[in-house]
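**Q** next come a sequence and a model predicted from it.
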Amino acid sequence: MRHSLLLGGVLACAAAAFAQVGEISVSGGESRFRGGSPGTEATAPGSAPITIDGGFRLDIRLTLNTFRFFGHEFGYGYSHSTYKLPVSGNVDVPVHSGYYDFLVYPTPEGTRIRPFACGGVGFASFFPPGASVYYGNQITKFGINYGGGLKIKVSSIIGIRFDFRQYNMGYPFQFPNQTGRLLQNAYTGGVAFIF
């Protein structure tokens, strides 16, 4: 176990050493869910549909800009969702996610204002009521994500950023009459610490 942690630390430092510039950012904003249909509570035709409401979102990201116009981003996100069940009522479902994105910038490293496009892979773990993060009762879905944003360097060590991401994955709960895929739109803004 100790050797695994040591190896992970060495690899992380090696990746950072090859980066021209890195950033650690914290962003907050809103998450909205859409897509096909999460289904119905009852199997009978014409049953009232289930809807999903979003809520706040928090993201923490580590960015390594390894080339002049390209970078890599590793992130953790927490968002809140509410499943509106026509018969049972509202059910709060927190969502924890992890993701990797490849970043493409139209302006070179060192530019004060840098728009970017991104795409990658990730997972989202949904925690139904009564489930605990510590006991492995979550339902995890894997998917892709894509989007873009804008980074603005305020000083040599501080920046601000604005992001839009769409996370595309399967629905976590198997309700009757379900169609399509779950799309989560995340709109965030925050501060970045540049190293």
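**A** Cool, got the structure.
**Q** for beta bridges, what are the partners of the most centrally placed residue in the chain?
**A** Residue closest to the mean C-alpha point of the chain, counted by C-alpha atoms, centre = their mean, is residue 77 at 4.7 Å. Beta-bridge pairing for residue 77 (DSSP bridges): residue 59, residue 97.
**Q** for it, give its distance to residue 164.
**A** 13 Å (C-beta to C-beta, to the nearest Å). (C-beta placed from N, C-alpha, C; glycine too.)
**Q** strands paired with the host helix or strand of residue 151, and their directions?
**A** Using DSSP states H and E, residue 151 sits within strand 139-153. Sheet partners assigned to strand 139-153 using DSSP bridges are listed as strand 113-126 (antiparallel), strand 158-169 (antiparallel).
**Q** CA-only coordinates of the longest one in PDB, if you can.
**A** These are the backbone C-alpha positions of strand 113-126, laid out as PDB (Å, rounded to 0.1, in the frame of the first residue of the first chain):
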ATOM      1  CA  ILE A 113      -7.100  35.200 -22.500                       C
ATOM      2  CA  ARG A 114      -7.400  31.600 -23.600                       C
ATOM      3  CA  PRO A 115     -10.700  30.000 -24.900                       C
ATOM      4  CA  PHE A 116     -10.600  26.200 -25.100                       C
ATOM      5  CA  ALA A 117     -12.500  23.200 -26.300                       C
ATOM      6  CA  CYS A 118     -12.400  19.900 -24.500                       C
ATOM      7  CA  GLY A 119     -13.500  16.300 -24.600                       C
ATOM      8  CA  GLY A 120     -12.900  13.200 -22.600                       C
ATOM      9  CA  VAL A 121     -14.200  10.300 -20.600                       C
ATOM     10  CA  GLY A 122     -15.400   9.800 -17.000                       C
ATOM     11  CA  PHE A 123     -17.800   8.300 -14.600                       C
ATOM     12  CA  ALA A 124     -20.700   9.500 -12.400                       C
ATOM     13  CA  SER A 125     -21.800   7.700  -9.100                       C
ATOM     14  CA  PHE A 126     -25.400   8.300  -8.100                       C
END
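**Q** off-centre distance for that strand?
**A** 7 Å (C-alpha atoms, centre = their mean, to the nearest Å).
**Q** buried ones in it?
**A** 114, 116, 118, 120, 122, 124, 125, 126 (16 or more other C-beta atoms under 10 Å).
**Q** quick one: which of those is nearest residue 107?
**A** residue 114 (5.1 Å; C-beta to C-beta).
**Q** just checking, the closest one touches residue 107?
**A** Yes. Between residue 114 and residue 107 there is a contact at 5.1 Å, judged by C-beta atoms under 8 Å.
**Q** just name the shakiest helix or strand of the chain by mean pLDDT.
**A** Of all helical and strand segments in the chain, the minimum by mean pLDDT, DSSP states H and E falls on helix 2-18, at a mean of 47.
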